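Novice: Have a look at this prediction, sequence included:
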Amino acid sequence: MAQMRGIPPRERVRARERAVVIGGGIGGLTAAAALHRRGVKVTVLERAGALEPVGAALSLTPNALRGLDVIGLGDGIRELSAWQGDGGLRAPGGRWLSRSSAAAATERFGGPVVLLHRATLIDRLAGLLPPDTVRTAAAAHLIDPGGPGDPARPARVSTPDGELTADLVVAADGIHSAVRHVLFPDHPGAVYAGFTTWRMVIPLPGMRFASHETWGRGRLWGTHPLKDGRVYAYAAALAPAGEHAPDDERAELLRRYGDWHDPIPAVLAAVRPEDVLRHDVHHITEPLPAYHRGRVALVGDAAHAMPPTLGQGGNQAIEDAITLALPHARTRSRGETTLAGDLPAYTAARLPRTTAIARRAVRAARLNMMTNRAGIAVRDTAIAALSKAGPALLLRSFDDIAAWRPPTSDAVSFRTDDEGVRAVDENRD
């Protein structure tokens, strides 16, 4: 039996409402899987020729893992992932500024922080969907957002194979979302955050080290072991927008980080130029007025692109997707649920939280990208003092992020029978 919390009986959902998801990344596929579990007919349109996630690995925090529990995926992801926490923050010379443990983080947050390759998560999410749900090489364009109060006016999306209509369109088309621009043409969109990132996943057999993030002057580096024996490494540095190395990005990393503490030199020695992904960081500085319009909802980076400094981009996309798919009390009280009818409640639930987290991510970026030597000395001394006073003091700042739970109190199971997925409300007599 697949367990799902917070979805009402299928007979309350308007028969076979249709959703079109634009974008086959984490947010789009999570939304598709959750909507499919709700009994919605889903089509996912991915511009690329395959589901090939941009990036290397990602951390999933307890808030996102609880979201994946809703679609029956949480335990499987925990099993496939490396549990994080044994390590800490270092200075470029190797001095530990703070130490942490996986056990302490798990106890405080009510669950682990885990690390896995993005491709693993994408594969598992896609595996929850019926065959032919995902169409690749399918560039999609929003023609009409539709009218939520007008059944005769569905949303309309153009594809290479013709036009689709939908009761709901989920726009998960990323940082430079074309759908966002259609919905809110006067919004400035995403802007350059002032720094660039490098990411790589490489095999390093036999090497043992503690996970760490290292903060230098206007740059940082992180190294974390994956469960399969490979190593995920990333770096970030202040740089002009659009800048690239004159030779190759591995050489650029050697110039910037080659004299930092172990195991960074060993990681760089094992990296090939083709292993390195480089991307400038863009974020939304002016919050959108809403995360929906008509029958269209924005999720993930399309709604609230943020710097990666809190590791919450993918995690908040999962929260978005699960919240969007869960019926809300306003429509439940009427004895029915409709996809478009839930959208104001979706914005109300997600916009304040994600705006606050995005602003914290910007503040964190200013802190770990500092260039003033005196300021860096004060920063590092303060972090070390807090760490000595008790690791819980450093973890406490993450409490409100990690504490999120799917917004429902209903208990619903999904059972599979000959007619497909059938919901059973466990709260009913």
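Specialist: Received, thanks.

Novice: Could you pull out the buried residues of the top helix by length along the chain?
Specialist: Taking DSSP state H as the criterion, the chain has its longest helix at helix 343-368. Residues of helix 343-368 classed as buried by neighbour count (16 or more other C-beta atoms under 10 Å): 343-347, 349-351, 353-355, 357-358, 360-362, 364-365, 368. Every residue, glycine included, has its C-beta placed from N, CA and C.

Novice: Also stretch 209-227?
Specialist: Buried residues in stretch 209-227 (16+ other C-beta under 10 Å): 209, 211-216, 218-226.

Novice: what's the closest of those residues to Arg135?
Specialist: Among the buried residues of stretch 209-227, Leu226 lies closest to Arg135 (C-beta to C-beta), at 30.5 Å.

Novice: thought that closest one was touching Ile202?
Specialist: No: at 10.1 Å, Leu226 does not count as touching Ile202 under the criterion of C-beta atoms under 8 Å.

Novice: Tell me the helices and strands packed up against the longest helix of the chain.
Specialist: Counting contacts by 3 or more C-beta pairs under 8 Å, 6 or more residues apart in numbering; DSSP states H and E, helix 343-368 is packed against strand 190-203, strand 277-284, strand 292-293, helix 301-304, helix 313-325, helix 329-332.

Novice: Give me the next element, helix or strand, following it.
Specialist: helix 373-389 (DSSP states H and E).

Novice: Report the angle between that next one and helix 343-368.
Specialist: Comparing the axes of helix 373-389 and helix 343-368 via axes from the mean of the first three to the mean of the last three C-alpha atoms, to 10 degrees yields an angle of 110 degrees.

Novice: What residues of helix 373-389 count as buried?
Specialist: Residues 376, 379-380, 383-384, 386-387 are the ones in helix 373-389 that count as buried (16+ other C-beta under 10 Å).

Novice: can you check stretch 96-108 too?
Specialist: By neighbour count on 16+ other C-beta under 10 Å, the buried set for stretch 96-108 is 97-100, 102, 104-106, 108.

Novice: Out of these, list just those in helices.
Specialist: Among the buried residues of stretch 96-108, DSSP H puts 102, 104-106, 108 in helices.

Novice: Using CSV, please lay out the residues you listed together with pLDDT.
Specialist: Compiled in CSV, those are given as follows (pLDDT from 0 to 100):
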residue, pLDDT
Ala102, 88
Ala104, 88
Ala105, 89
Thr106, 91
Arg108, 91
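
Novice: Would you mind giving these as JSON lines with distance to Ala155 added?
Specialist: Output for those, formatted as JSON lines (distance: C-beta to C-beta, whole Å):
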{"residue": "Ala102", "distance to Ala155": "44"}
{"residue": "Ala104", "distance to Ala155": "46"}
{"residue": "Ala105", "distance to Ala155": "41"}
{"residue": "Thr106", "distance to Ala155": "42"}
{"residue": "Arg108", "distance to Ala155": "42"}
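
Novice: which among the buried residues of stretch 209-227 gets closest to Ser397?
Specialist: Checking these one by one against Ser397 (C-beta to C-beta), the nearest turns out to be Glu213, at 15.0 Å.

Novice: give me the element that closest one is part of.
Specialist: Element membership for Glu213, per DSSP H and E: strand 211-215.

Novice: That strand to helix 343-368, inter-axis angle?
Specialist: Using the same axes, to 10 degrees: strand 211-215 against helix 343-368 is 70 degrees.

Novice: Strand partners (parallel or antiparallel) of strand 211-215?
Specialist: Sheet pairing of strand 211-215 (DSSP bridges) gives strand 87-90 (parallel), strand 219-225 (antiparallel).

Novice: Indicate which one of these is closest to Phe184.
Specialist: Nearest of these to Phe184, taken as C-beta to C-beta: strand 219-225 at 32.8 Å.

Novice: tell me the mean pLDDT over that closest one?
Specialist: The average pLDDT within strand 219-225 is 96.
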